[in-house]
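In: Dropping a prediction and its sequence here:
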2 protein chains.
Amino acid sequence: MSPTQQTTLVTGVAGFIGAAVARELLNGGNRVIGIDSLHTGYRESVPEGVEFIEGDLRFAETLAPLEDTRVDCIMHIAGQSGGEPSYDDPVFDLQANTQSTLLLLLLARQLNCRRFIYASSVSVYGNQAGGEGGLEEQACPAPQSLYGVGKLASEHYMRLYAEQFGMNCISLRLFNIYGPGQNLANLRQGMISIYLAQALAERHIHVKGSSERFRDFVHIDDAVRAFDMARTASLSGYSVFNVCSGVATTVEQVVELVRDALPFDVSVEYSGATPGDVFGWRGNPRQFQEAVGWKAKKALDAGVKHMVDWALGQKELN
Amino acid sequence: MSPTQQTTLVTGVAGFIGAAVARELLNGGNRVIGIDSLHTGYRESVPEGVEFIEGDLRFAETLAPLEDTRVDCIMHIAGQSGGEPSYDDPVFDLQANTQSTLLLLLLARQLNCRRFIYASSVSVYGNQAGGEGGLEEQACPAPQSLYGVGKLASEHYMRLYAEQFGMNCISLRLFNIYGPGQNLANLRQGMISIYLAQALAERHIHVKGSSERFRDFVHIDDAVRAFDMARTASLSGYSVFNVCSGVATTVEQVVELVRDALPFDVSVEYSGATPGDVFGWRGNPRQFQEAVGWKAKKALDAGVKHMVDWALGQKELN
């Protein structure tokens, strides 16, 4: 095996990001063991070639089959993935997003797995604007959702496992990831996918909150490269990086991109609000670029067009 | 009922701090419902007059009997209480210290309970020295133990419940609480009680770590007043306060106070270290004093003497 060909455990392998990351790993000739509870993911989304374990990572039993397996890298991508839904069942959110991380860190120590990469979130920052260049990793986290609290606790656990047990832990703070493969049936997660799903179903987009709010969007292909580059980068101890473009796009701009890419007219309404919503997030991508060489490449207008075309194709299939 | 006479739910009511807080509430004419799992506390430590529920706060079922009870204030003091033991079973620590907080916050919302007071810890700060006046509440937390991560997550949850649901949450960051009632059989928790228990059993104190490390000690009577004053203080939203003296005492100084108070000779050895141990903690008590009027009153030399006399009395009883 070349140094880049490894056995990687990917959690959330039936989900939007997990499946895409697993596909890339398989393309690179790696062995991929994948876990998913199939609570929100679909069995048919798990890429062919993945050695699949169906199991819920809230429970230690799920990891028992791996106790004698050589694993070079764990990519923990599974979890409850939205701020708003974290209020439906806060204990579920904590177990799915934080207890699962602890269980996987315990497994990593036991297996002497050298690298642990985590799908953290911009949500750990909470409602803060950051400096002129956008949010930096050193900002003091102040999550504004239960979801963000659980993600932040996972990060702290990783830091301690790195500092105290010599593990090599990388937390990737994902900003707004979008693109083909996102679950258009889930109307509570993923800003672009929510608007697109609404537009496809109703030819109408209802935005809950101000049109001037802004986000930092990253295409799924760029996110996949972030995980893959983190896997092979020369890093030790604990690292935390923004996976962001550095570009702020307003909600209105993104809504217009979706409308422009669709072959029919779509009406738009701005009303209401989402509790605990954050006004604006823009990340500073400098640190990840300097340490690992990663940079977002896909422009948002082309990316949205790409996603809309995919979604229209999906719709025709159904 | 006078405004200070209320029904208070005290968790950890069989423990060192919980039992003392409950006793003070009962003395003030309040109704006290107490919960304890009796994992580390003793049934006979629960003060007479407490309406006692034996139950484990990791599980929602434990709170089911309270669903129709009027509760004015919840004091969440139960939990796994040490940094070092949090590594024995990290998932237990997370459930006992963070999941329990979430379950109690959910209960508080359901019961329309107006005040939620939490026994947080200096551990949330991690290894930082603070300014000239000691650690201030605004410092960015960076826990240095799994225990501290769980305590910090509880604080974030409380902040969100206060900000988003109008609850009134007070997090008390307890520094080193000591005094009569501390469990001398637990040799992994409570610096003074560990040294005292060693001295009583072996006439020898083995200090794991440097004699120059320092802590900020608070007598149990002062800690009890902190909970009681937080209960009746005019505060809204989320507050976080140090419960500290503002005085740094080195490990060597505290060991000498214990030796001086004992009627027999005790040898001392400094060797080894505790993983993840923090060099020094001293808090700034100003904010709690300004907002609530609390101030530590008991001097450490008198307090240690008081505790040693109590421990000698206990020993005679056994």
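Out: Everything's here; your move. Residues are numbered from 1 along each chain as shown, chains lettered A, B, ... in the order given.
In: Distance from stretch A:301-313 to the middle of the chain?
Out: Put simply, stretch A:301-313 sits 19 Å off its chain's centre (Cα atoms, centre = their mean, to the nearest Å).
In: Which positions within that stretch qualify as buried?
Out: The neighbour-count check on stretch A:301-313 (16 or more other Cβ atoms under 10 Å in any protein chain shown) flags A:303, A:304, A:305, A:306, A:307, A:308, A:310, A:311 as buried. All C-beta spots, glycine's among them, are computed from the backbone N, C-alpha and C.
In: Next: stretch A:59-79.
Out: Buried-residue list, stretch A:59-79, by 16+ other Cβ under 10 Å: A:62, A:63, A:66, A:71, A:72, A:73, A:74, A:75, A:76, A:77, A:78, A:79.
In: Now the residue in the stretch 1-150 of chain A positioned nearest to chain B: closest residue in space, sequence neighbours ignored.
Out: Evaluated by Cβ to the nearest Cβ, the stretch 1-150 of chain A has residue A:140 as its residue closest to chain B, separated by 3.7 Å. Of all residues not flanking residue A:140 in the chain, residue B:140 sits nearest, at 3.7 Å (Cβ to Cβ, 6 or more residues apart in numbering or on different chains).
In: tell me the secondary structure for that neighbour?
Out: At residue B:140 the chain is in coil, as set by DSSP: H, G, I helix; E, B strand; the rest coil.
In: Make sure it is actually in contact with residue A:152.
Out: No: Residue B:140 is not in contact with residue A:152 according to Cβ atoms under 8 Å; the separation is 11.8 Å.
In: which secondary structure elements does the lowest-mean-pLDDT helix or strand in chain A contact?
Out: Least confident helix or strand of chain A, by mean pLDDT, DSSP states H and E, is helix A:300-317 with a mean of 91. Where contact means 3 or more Cβ pairs under 8 Å, 6 or more residues apart in numbering or on different chains; DSSP states H and E, helix A:300-317 is packed against strand A:176-178, helix A:191-202, strand A:217-219, helix A:251-261.
In: how far off helix A:191-202 does it point, in degrees?
Out: 40 degrees (axes from the mean of the first three to the mean of the last three Cα atoms, to 10 degrees).
In: what about helix A:300-317, distance to the chain center?
Out: Its chain's C-alpha centre lies 20 Å from the corresponding centre of helix A:300-317 when counted by Cα atoms, centre = their mean.
In: can you list the domains in chain A?
Out: Domain assignment for chain A by automatic domain parsing gives A:7-179+A:217-246+A:281-297, A:191-213+A:248-279+A:305-317.
In: Could you check the pLDDT of residue A:179?
Out: Looking at residue A:179, its pLDDT stands at 97.
In: picking up where we left off before, just tell me which of the helices and strands packed on helix A:300-317 ends up closest to residue B:123.
Out: Between residue B:123 and the helices and strands packed on helix A:300-317, the shortest separation by Cβ to Cβ is 33.8 Å, and it involves strand A:176-178.
In: And the closest one, how far out from the chain middle?
Out: Distance, centroid of strand A:176-178 to centroid of chain: 7 Å (Cα atoms, centre = their mean).
In: Looking at the buried residues of stretch A:59-79, which two lie furthest apart in space?
Out: A:72 and A:79 (21.8 Å).
In: Residue A:103 reaches residue A:56, doesn't it?
Out: No: assessed by Cβ under 8 Å, residue A:103 is found out of contact with residue A:56, at 10.6 Å.
In: between the two, what contacts are shared?
Out: residue A:62 (Cβ atoms under 8 Å, 6 or more residues apart in numbering or on different chains).
In: Mind checking which of these two has more residues around it?
Out: More neighbours surround residue A:103 than the other of residue A:103 and residue A:56, with 21 against 16 (other Cβ atoms under 10 Å in any protein chain shown).
In: Find the helix or strand that that one is a member of.
Out: helix A:100-111 (DSSP states H and E).
In: near chain B at all, that helix?
Out: Yes: Helix A:100-111 lies within reach of chain B by Cβ under 8 Å from any Cβ of the partner chain, at A:102, A:103, A:105, A:106.
In: Can I get stretch A:165-178 in CSV, CA atoms only?
Out: Extracted C-alpha coordinates of stretch A:165-178, given in CSV (Å, rounded to 0.1, in the frame of the first residue of the first chain):
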residue,chain,number,x,y,z
PHE,A,165,-2.7,10.6,24.5
GLY,A,166,-0.6,11.6,21.5
MET,A,167,-3.4,11.2,19.1
ASN,A,168,-3.6,13.2,15.9
CYS,A,169,-6.9,14.9,15.7
ILE,A,170,-8.2,17.3,13.1
SER,A,171,-11.4,19.2,13.5
LEU,A,172,-12.9,20.5,10.2
ARG,A,173,-15.4,23.3,10.9
LEU,A,174,-17.6,22.9,7.9
PHE,A,175,-19.4,26.1,6.7
ASN,A,176,-22.4,25.7,4.5
ILE,A,177,-21.8,22.7,2.4
TYR,A,178,-24.0,22.2,-0.6
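In: Flag every buried residue along it.
Out: So for stretch A:165-178, counting by 16+ other Cβ under 10 Å, buried means A:167, A:168, A:169, A:170, A:171, A:172, A:173, A:174, A:175, A:176, A:177, A:178.
In: Run through the helices of the stretch 101-250 of chain A in chain order.
Out: Along the stretch 101-250 of chain A, counting by DSSP state H, counting those that start in this stretch, helices occupy A:146-165, A:191-202, A:220-232.
In: Can you name every helix or strand that the longest one contacts?
Out: Which is helix A:146-165. helix A:90-94, helix A:100-111, strand A:115-121, strand A:168-174, strand A:238-243, helix B:146-165.
In: Also the shortest one?
Out: Here helix A:191-202 is seen to pack against strand A:176-178, strand A:204-207, helix A:251-261, helix A:300-317 when contacts are counted using 3+ Cβ pairs under 8 Å, 6+ apart.
In: Relative to the shortest one, what are the paired strands and their orientations?
Out: If I follow you right, that is strand A:176-178. Strand A:176-178 pairs in its sheet with strand A:217-219 (parallel), by DSSP bridges.
In: So which residues make contact with the strand it pairs with?
Out: Strand A:217-219 has contacts (Cβ under 8 Å, 6+ apart) with A:174-179, A:192, A:226, A:243-245, A:247, A:249, A:254, A:296-298, A:300, A:303, A:306.
In: residues in contact with residue A:273?
Out: A:208, A:209.
In: Same question for residue A:100.
Out: So residue A:100 contacts A:11, A:57, A:58, A:76, A:78, A:79 (Cβ under 8 Å, 6+ apart).
In: Spell out the secondary structure type for the third one.
Out: Under the three-state scheme (three-state DSSP), residue A:58 adopts coil.
In: Now do it against residue B:95, distance only.
Out: Separation of residue A:58 from residue B:95 (Cβ to Cβ, to the nearest Å): 11 Å.
In: Need the residues touching each of those two.
Out: Residues touching both residue A:58 and residue B:95 (Cβ under 8 Å, 6+ apart): residue A:99.
In: Among those two, which residue is more densely surrounded?
Out: The residue with more neighbours, out of residue A:58 and residue B:95, is residue B:95; 25 against 21, by other Cβ under 10 Å.
In: which residues touch that one?
Out: Contacts for residue B:95 (Cβ under 8 Å, 6+ apart) come out as A:99, B:58.
In: can you check residue A:86 too?
Out: Residue A:86 neighbours (Cβ under 8 Å, 6+ apart): A:80, A:93, A:145, A:146, A:147, A:150.
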